[in-house]
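Enquirer: When you get a sec, could you give me coordinates for this:
(2 chains)
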Number of protein chains: 2
Amino acid sequence: MTERSPLAPAAFPALPDIGGVTLRIARAQYKKWDRCDLTYVELAPGTAVAGVTTQSLCPSPEVEWCRDALPLGQARALVVNAGNSNAFTGHRGRAAVEAIAARVARHLDCVPSDVFISSTGVIGVPLPIDKAEAGLDAAFAAPPCSWEDAAATIMTTDTFAKAAVTQAVVDGRTVSLVGIIKGSGMIAPDMATMLGYIFTDAAVDAPFLQSLLASANRSSFSCITVDSDTSTSDTVLAFATGAAGNAPLASFEDAGADAFAAALADLCRQLAHLVVRDGEGASKFITITVDGATSDTSAHRIALSIANSPLVKTAIAGEDANWGRIVMAVGKAGEPADRDRLSIRFGGTEVARCGLAVDGYDEAPVAAHLKGRDIAIDVNLGLGDGRATVWTCDLTHGYISINADYRS
Amino acid sequence: MTERSPLAPAAFPALPDIGGVTLRIARAQYKKWDRCDLTYVELAPGTAVAGVTTQSLCPSPEVEWCRDALPLGQARALVVNAGNSNAFTGHRGRAAVEAIAARVARHLDCVPSDVFISSTGVIGVPLPIDKAEAGLDAAFAAPPCSWEDAAATIMTTDTFAKAAVTQAVVDGRTVSLVGIIKGSGMIAPDMATMLGYIFTDAAVDAPFLQSLLASANRSSFSCITVDSDTSTSDTVLAFATGAAGNAPLASFEDAGADAFAAALADLCRQLAHLVVRDGEGASKFITITVDGATSDTSAHRIALSIANSPLVKTAIAGEDANWGRIVMAVGKAGEPADRDRLSIRFGGTEVARCGLAVDGYDEAPVAAHLKGRDIAIDVNLGLGDGRATVWTCDLTHGYISINADYRS
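Expert: From the prediction side, this is the model:
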């Protein structure tokens, strides 16, 4: 998949530098390819860190390393390896992670737990320590690079480099948040995964940053799906360097905390959408909103049941307003639903209401909506106030070609 | 999809008549097609019935009708409409079901609750009562037909007519069980579904037949998946006419009850396998066995997580021993699992053990196995005695073509 997704933004965004963040890339040659595949980010002393990781019970050693280091709340470096996920590699995989942390800690004169590490790519092959160490040494010696270079270096089968930016005024200072991200759920061959990194010059205490990230995650990364397959390595980390010089944010009582939280949530949503827009084989970006559920959690489960249904996804690929498949997906979700109160809209046009097709609804606007790139499906259950929105893409021949038509 | 599935049996099986069962078919013309689409089965007075239906919370009125009638335990007729599922059609759909039951009850001089009804096909369009009634009248006047004709008449997008037979000795008499079935989960366009009907000349009390069917269902129909989409109309009904003249089976204390239960379970498994073998776009029949789980239920959930993973299914389509995707699917199942105890076999060859790829395993037998039509994946979790087997098919371009490449 070298062809750029039809859902990709027109261009890579203009991004500000973030004080305290220095990006470098190098060639570790984890695969036989002519590109950089190791990203090394140096963070100023005092940088706070927060993170969320996959809920898979078979996580990679990188994920376990990050989980162990996150409660300490501080970071000096991030290393991202592309081309090898190092997942399911036992003690050899763990040794590679420890070797990387040790090498960086020696270089920066910090403790190994200050070093955050991710890897993405083929599973089951231990990350070669010699290549990682040589790659790190090359990165240490390399000149700083751009956001776009870093975003491209963490890619595997992604078709475009993904980044977003937001700003907020905190304590009288404008702080910036920049995020880079790769992958599109668990949709790439060889278990490439979703990895996201957020950098801000705001000063934020680590525990508060963690609570803000967890909250933002719930309305962004946890609300996207490409193919229902959850990776072993999904990781999102947020680093706050404090270079903006604001009084550190420690709670919502602090001036600017609300603005920062909103900016972080906005950034996470932007990044999550970029992942869906690079979904393997995707030709449509689909927003599914469920209203009227018995709770927000119930609405979320029903929305995901719709978003993960192969029949719904293929219907959208076929530009078919097949609302019967949506009824099916609501029915199988196992959440409270009443067939005779259900209503469904495509692009705002109601096609089914109270358990029946709407007699003689105008098909023209629905057909026109489904021919577009951005599809809106709204479901009202008519039971309560529960509400949720999730985002997904359609299921096309492209997905099958990428995942079945060749040996990995 | 008129091309016969490559996984279809060579021929329709030879099936015995079942005393007390008379099959007839007719053209109700629910769709514009040149074929019979209404199946009418007359059952001798005293026939016991049992059934299991979809767990969807948005079921069709036919499913609701059967659910209401099943506790009464007796049946005189079965009507199956193909080409229109009558699901999500509100009071108009309910009226069609009531009209069908009334017409048959008048014809047979029985109560409407003796009439069992299923419909399969497009969703959201009320079943036309006039066509159903005219079709029934034609069926009443038609000569009896063969099992193969009946099995073909309940098809929608199925590529072959499906039936199976088993026998058992009960109370000194050989009883026969014949089943016909259509669909392949929720994989056909327009929400065609899985409908199965089992007929036996054994005498079995309805409550005992219900308990045997529920048990057989748990190890057959509940263990198959094509695309994870659960239909609004799934129904399996078992009819026992008693024409064999055995002393009625009422519990496992009765002679022959074990043999009958085994024959019923065997028949259900055969029918379930036929559905998978007609999975849309299927090119491989996949048996997934999970051992060593903390419980049978946990093993079942993990096996289904593997069977429903688009990445596992596309890997098998690509004849790729991508066991990393199996680790992923185990990890996302949410059930107890320990990465470092997990082992995985393809066709009996161990490729991963204790959280690591098996060094230098012989790839030749694995590659040869994956080129075949019947694929075996065995996962051992190394935690306990829980065990489960499920069956599925691969995910190919055929599935996308059938479900996305045209408007339904």
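
Enquirer: tell me which residues of the strand or helix carrying residue A:134 are tucked away?
Expert: Per DSSP states H and E, residue A:134 falls inside helix A:129-141. For helix A:129-141, burial by neighbour count (16 or more other Cβ atoms under 10 Å in any protein chain shown) applies to A:129, A:131-136, A:138-139. (C-beta placed from N, C-alpha, C; glycine too.)

Enquirer: Where do the strands of the stretch 301-408 of chain A begin and end?
Expert: A:343-346, A:349-353, A:356-357, A:374-380, A:386-393 (DSSP state E, counting those that start in this stretch).

Enquirer: Residue A:271: which of those is closest?
Expert: When the strands of the stretch 301-408 of chain A are compared by Cβ to Cβ, strand A:386-393 sits nearest residue A:271, at 11.7 Å.

Enquirer: Give the full set of residues in contact with residue A:45.
Expert: Taking Cβ atoms under 8 Å, 6 or more residues apart in numbering or on different chains, we find residue A:45 in contact with residue A:76.

Enquirer: That one - that's part of a strand, no?
Expert: No - using DSSP: H, G, I helix; E, B strand; the rest coil, the assignment for residue A:45 is coil, not a strand.

Enquirer: pLDDT on the helix holding residue A:134, on average?
Expert: Model confidence over helix A:129-141, given as mean pLDDT, is 98.

Enquirer: which other helices and strands contact that helix?
Expert: Counting contacts by 3 or more Cβ pairs under 8 Å, 6 or more residues apart in numbering or on different chains; DSSP states H and E, helix A:129-141 packs against strand A:21-26, strand A:38-43, strand A:77-84, helix A:90-108.

Enquirer: could I get these as CSV with mean neighbour count?
Expert: Compiled in CSV, the helices and strands packed on helix A:129-141 are given as follows (neighbours: other Cβ atoms under 10 Å in any protein chain shown):
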stretch, mean neighbour count
strand A:21-26, 22
strand A:38-43, 25
strand A:77-84, 26
helix A:90-108, 19
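
Enquirer: buried set for the helix or strand that the helix holding residue A:134 is followed by?
Expert: Scanning forward in sequence from helix A:129-141 by DSSP H and E, the next helix or strand is helix A:147-153. For helix A:147-153, burial by neighbour count (16+ other Cβ under 10 Å) applies to A:147-148, A:150-153.

Enquirer: Now do the helix ranked longest in chain A and strand A:386-393, the angle between them.
Expert: Longest helix in chain A by number of residues (criterion: DSSP state H): helix A:257-277. Relative orientation of helix A:257-277 versus strand A:386-393 (axes from the mean of the first three to the mean of the last three Cα atoms, to 10 degrees): 40 degrees.

Enquirer: Summarise which helices and strands helix A:257-277 is packed against.
Expert: Under the contact definition 3+ Cβ pairs under 8 Å, 6+ apart, helix A:257-277 sits against strand A:162-170, strand A:173-182, strand A:195-200, helix A:206-218, strand A:224-225, strand A:285-293, strand A:386-393.

Enquirer: Can you pull out the residues in contact with the helix holding residue A:134?
Expert: With Cβ under 8 Å, 6+ apart, helix A:129-141 has contacts from A:24-30, A:37-40, A:79, A:81, A:95-96, A:99-100, A:103-104, A:107.

Enquirer: Please state the offset of it from the chain centre?
Expert: 27 Å (Cα atoms, centre = their mean, to the nearest Å).

Enquirer: now swap in stretch A:140-149 and tell me
Expert: In terms of Cα atoms, centre = their mean, the centre of stretch A:140-149 is set 23 Å apart from its chain centre.

Enquirer: and stretch A:80-88, average pLDDT?
Expert: Averaged over stretch A:80-88, pLDDT sits at 91.

Enquirer: And chain A, split by domain according to the record?
Expert: As given by automatic domain parsing, the domain ranges for chain A are A:21-277, A:285-404.

Enquirer: is it possible to export those to CSV including distance to residue B:332?
Expert: Shown next, in CSV, are those (distance: least, Cβ to Cβ, whole Å):
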stretch, distance to residue B:332
domain A:21-277, 4
domain A:285-404, 12
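
Enquirer: any low-confidence regions in chain A?
Expert: A:1-2, A:184-193, A:230-232, A:406-408 (pLDDT under 70).

Enquirer: The same query, at a cut-off of 80, please.
Expert: Applying pLDDT under 80 to chain A flags the ranges A:1-2, A:54-57, A:157, A:183-194, A:224-234, A:355, A:405-408.

Enquirer: What number of residues are in the vicinity of residue A:382?
Expert: Residue A:382 has 17 neighbours, counted by other Cβ atoms under 10 Å in any protein chain shown.

Enquirer: Could you check how far it is from residue A:279?
Expert: 31 Å (Cβ to Cβ, to the nearest Å).

Enquirer: what does residue A:384 give?
Expert: From residue A:384 over to residue A:279 the distance is 31 Å, taken as Cβ to Cβ.

Enquirer: Could you do residue A:54 as well?
Expert: 18 Å.

Enquirer: quick one: which of those two has more around it?
Expert: Set residue A:54 next to residue A:279 and count neighbours by other Cβ under 10 Å: residue A:279 wins out with 32 against 24.

Enquirer: Quick check: beta-bridge partners of the closest residue to the more buried one other than its chain neighbours?
Expert: Nearest non-adjacent residue to residue A:279, counting by Cβ to Cβ, 6 or more residues apart in numbering or on different chains: residue A:393, 3.6 Å away. With DSSP bridges applied, residue A:393 shows beta-bridge pairing to residue A:285.

Enquirer: Would you mark the buried spots in the longest helix of chain A?
Expert: Neighbour counts over helix A:257-277 (16+ other Cβ under 10 Å) mark A:257, A:259-261, A:263-277 as buried.

Enquirer: correct me, but residue A:7 touches residue A:277?
Expert: Yes - contact criterion Cβ atoms under 8 Å: residue A:7 and residue A:277 qualify, at 3.9 Å.

Enquirer: related to what we said a few turns ago, so which of the strands of the stretch 301-408 of chain A is the most surrounded?
Expert: strand A:386-393 (a mean of 24; mean count of other Cβ atoms under 10 Å in any protein chain shown).
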